[in-house]
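K.L.:
mind looking at a prediction? Sequence and model below.
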Amino acid sequence: MKGGRVLLCHSKGARNTYLPGGHVEFGERAAESLRREVEEEMGRHATVGRFLGAVEHTYRRKGKPLCEVNLIFEINIRGVHFPGHPLSREDHIEFRWVALRDLASARLEPAALCKVLPMWLRAGWGLHRWASTYGNAERGTRNSE
């Protein structure tokens, strides 16, 4: 977070945004995966900070129900500062800074993050750090906690 804003990723042509990151490779720790993915996507050195929380997320893709667990960390990316939008090394994605208050209008997915991410960033360790969209994919609704 920089100046009340978070860096989000956007797949070109899609309406939603998501936090930078990617899939964990077998035998790789989640924090190491985040560091590797950011370096691959931006070409910048990244340092992973504290674990913020987890979001269980269900959704449908091409009619098929899917589930993922998102592990959310703070991260510092060398040379990436607001207001400049970092360039992507991958043709299909782009990055942009979004104010915490605008996460819902940026269509951040999983949508539960719109509510919990600002709390997780502000809070100490006494806060509940799990959110879920379980069941929403079956109803065809947009994600929520």
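P.N.:
On my side now, so go ahead. All figures in this text were calculated on a predicted structure; none of them were measured in a lab.
K.L.:
quick check, central residue of the protein?
P.N.:
Centroid check for the chain by Cα atoms, centre = their mean gives residue 19 as the closest residue, at 2.1 Å.
K.L.:
quick one: the helices in the chain?
P.N.:
Using DSSP state H, the helices of the chain run over 30-42, 112-122, 136-139.
K.L.:
nearest to residue 65, out of those helices?
P.N.:
Of all the helices of the chain, helix 136-139 sits nearest to residue 65, with 5.0 Å by Cβ to Cβ. Backbone N, C-alpha and C define where each C-beta goes, glycine included.
K.L.:
give me the average confidence score over the closest one.
P.N.:
Mean pLDDT, computed over helix 136-139, is 46.
K.L.:
quick one: contacts for residue 94?
P.N.:
Counting by Cβ atoms under 8 Å, 6 or more residues apart in numbering, residue 94 makes contact with 9, 10, 12, 85, 88.
K.L.:
which neighbouring elements make contact with the strand ranked longest in the chain?
P.N.:
If you go by DSSP state E, the chain has its longest strand at strand 46-61. Counting contacts by 3 or more Cβ pairs under 8 Å, 6 or more residues apart in numbering; DSSP states H and E, strand 46-61 packs against helix 30-42, strand 64-77, helix 112-122, strand 130-132, helix 136-139.
K.L.:
strands paired with it, and their directions?
P.N.:
Strand 46-61 sits in its sheet next to strand 64-77 (antiparallel), strand 130-132 (parallel), going by DSSP bridges.
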